[in-house]
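*Asks:* Sharing a model that was predicted from the sequence below.
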Amino acid sequence: MKEKLTSGGGYYRVEWVDVAKYICIIFVMLSHLESATDILRVFYNPFFLFLFFFCSGYVYKHNQNFKKFLYKKFRGLFIPWLVFSLLIIFSAQIISFNEHVSLMETLKWNFLQIRTVKDEVWFVAALFVAFIPFYFFIDKYQKSKSAHKDFNLILISFILSLISLTYTKIMNPAFFPWGTNTLPWHLEYIFQAMFFMVLGYLFKIKWEKQFDKLNTKKNRLLITISYLLLVYIVYIFNLNLPLVVNIIYQYIISLLGCVMIISYCKIIKINKYISFVGQNTLIYFALHGKLYSLIQTVLKKVIPNIYNIILNNVCYSTIFSICFALVLSFILIIPACIIDKYFPFILGKKTK
């Protein structure tokens with residue numbers, strides 16, 4: 001299968017990557033809706049964030065020194081995180097649909113970036129931090145002349161990922177004053193993310209052609225059935241897996257989920273809507289929270305009985321959540337266009 005490229009902003013984009021990012025950002029919005037059901041979460045939770053990291057590794061090009069690299073990521077990730085997180089925090093002081101929190105308290109936790117503790121736009125911050133060790137790993141990989149450098153890169157990044165994941169499983173949340181076992185600036189998470197970035201990078205330069213040859217209808221069906229069986233059997237029977245088995249299981253379903261989605265992204269015909277959303281996932285990640293909070297608040301006030309019926313019915317709630325996320329994706333086209341046209345510096349882009 002040939003790699004399909006589309007022109008955008010003076011450079012070329014890989015179509016399947018934009019499709020994958022589109023699918024993942026829809027799942028991100030779904031994951032934050034109060035109407036989202038466990039049936040949905042069980043499906044997308046194992047892979048939807050890791051696939052973002054995989055795509056980041058895939059599109060990465062190692063052709064600059066660390067100073068230039070860091071400056072580029074500072075502009076393209078840190079500045080957007082800072083601007084959007086502060087925008088969300090200050091706007092919440094004016095319009096808040098949830099419990100009001102003091103400004104200084106919110107700013108403190110935001111700059112500490114402890115996951116699940118008022119960490120606005122956390123994914124962008126985590127991606128920024130994960131890119132730093134990733135750069136040095138790829139730099140060493142590029143300079144290495146070892147015949148086993150592929151294996152070494154995968155092994156070391158996997159070991160660090162395994163240590164990171166094991167820490168989250170065994171560390172007592174009560175040890176820290178913030179009540180979770182997460183660390184400032186997502187230090188407990190970045191090596192899990194980096195492992196998938198490494199896989200994405202190697203997929204681009206080593207494995208993609210073979211993957212495309214094997215990406216047949218029969219194999220896609222086999223992978224999909226295998227994935228669905230693995231995630232839903234554990235969920236339906238509420239299996240309590242031992243620690244070691246649970247860790248192995250998580251790696252298997254995360255990797256299999258990524259492979260499954262990529263295999264479909266490779267054959268999906270892209271359109272302008274999917275392409276636009278896929279190219280602007282950072283904006284979508286940053287802005288969807290306030291929008292869905294506003295709409296949910298309106299629904300509770302305008303049609304409270306109907307909305308409650310939806311929330312209390314798994315089938316209705318599942319369908320409603322998917323439709324809600326799609327509606328959000330269309331509404332957010334407006335602010336995304338405005339930012340892209342008039343405030344591109346927020347995204348680290350040059351003014352058009």
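*Replies:* Looks like it came in fine.
*Asks:* Look up how far residue 170 lies from the nearest residue to residue 87 once chain neighbours are set aside.
*Replies:* Distance criterion Cβ to Cβ, 6 or more residues apart in numbering; nearest residue to residue 87, sequence neighbours excluded, is residue 286 at 7.8 Å. For every residue, glycine as well, the C-beta is placed using N, CA and C. Residue 286 is 33 Å from residue 170, where distance means Cβ to Cβ, to the nearest Å.
*Asks:* Which residues are in contact with the residue nearest to residue 87?
*Replies:* By Cβ atoms under 8 Å, 6 or more residues apart in numbering, residue 286 lies in contact with 80, 84-85, 87-88, 121, 124.
*Asks:* And the helix or strand containing it, what's buried?
*Replies:* In the assignment (DSSP states H and E), residue 286 maps to helix 281-302. Residues of helix 281-302 classed as buried: 281-293, 295-296, 299 (neighbour count, 16 or more other Cβ atoms under 10 Å).
*Asks:* Can you name the two of those residues that sit furthest apart?
*Replies:* Pairwise distances across the buried residues of helix 281-302 peak at 27.1 Å for 282 and 299 (criterion: Cβ to Cβ).
*Asks:* shouldn't residue 113 be in contact with residue 187?
*Replies:* No. The criterion here is Cβ atoms under 8 Å, and residue 113 misses it with residue 187 at 9.5 Å.
*Asks:* Please, where are all the helices along the stretch 201-350 of the chain?
*Replies:* Per DSSP state H, counting those that start in this stretch, the stretch 201-350 of the chain carries helices over the ranges 208-214, 217-236, 243-265, 272-279, 281-302, 304-311, 314-331, 333-342.
*Asks:* who's in contact with the second one?
*Replies:* Helix 217-236 has contacts (Cβ under 8 Å, 6+ apart) with 38, 42-43, 46, 239, 241, 249, 252-253, 256-257, 259-260, 263-264.
*Asks:* so residue 121 touches residue 81, yeah?
*Replies:* Yes. With contact defined as Cβ under 8 Å, residue 121 counts as touching residue 81 (5.2 Å).
*Asks:* now the stretch 51-200 of the chain, which segments are flagged as low pLDDT?
*Replies:* Along the stretch 51-200 of the chain, the model assigns pLDDT under 70 to residues 95-101.
*Asks:* which stretches of it form helices?
*Replies:* 66-73, 79-94, 103-112, 122-143, 149-170, 190-202.
*Asks:* hang on, the earlier thing: separate out the buried members of the contacts of helix 217-236.
*Replies:* Buried, going by 16+ other Cβ under 10 Å: 42-43, 46, 249, 253, 256-257, 259-260, 263-264, out of these.
*Asks:* Pick out the residue closest to the middle of this protein.
*Replies:* residue 49 (3.1 Å; Cα atoms, centre = their mean).
*Asks:* what's the nearest residue in space to that residue that is not next to it in sequence in contact with, if anything?
*Replies:* Nearest residue to residue 49, sequence neighbours excluded (Cβ to Cβ, 6+ apart): residue 123, at 6.9 Å. Residue 123 sits next to 28, 49, 52, 285 when contact means Cβ under 8 Å, 6+ apart.
*Asks:* Kindly provide the distance from the nearest residue to residue 69 once chain neighbours are set aside to residue 191.
*Replies:* Distance criterion Cβ to Cβ, 6+ apart; nearest residue to residue 69, sequence neighbours excluded, is residue 135 at 5.5 Å. Plainly put, residue 135 is 14 Å away from residue 191 if you go by Cβ to Cβ.
*Asks:* okay, these two: which has more neighbours?
*Replies:* residue 191 (21 against 18; other Cβ atoms under 10 Å).
*Asks:* now the more buried one: how far from residue 130?
*Replies:* From residue 191 to residue 130 the distance is 8 Å (Cβ to Cβ).
*Asks:* Same check on residue 63?
*Replies:* 20 Å.
*Asks:* Could you confirm residue 13 falls within a strand?
*Replies:* Yes. Under DSSP: H, G, I helix; E, B strand; the rest coil, residue 13 falls within a strand.
*Asks:* And the pLDDT at it?
*Replies:* Predicted confidence (pLDDT) for residue 13: 79.
*Asks:* How many neighbouring residues does residue 230 have?
*Replies:* Neighbours of residue 230 under the rule other Cβ under 10 Å: 16.
*Asks:* ditto for residue 208
*Replies:* Neighbours around residue 208, by other Cβ under 10 Å: 18.
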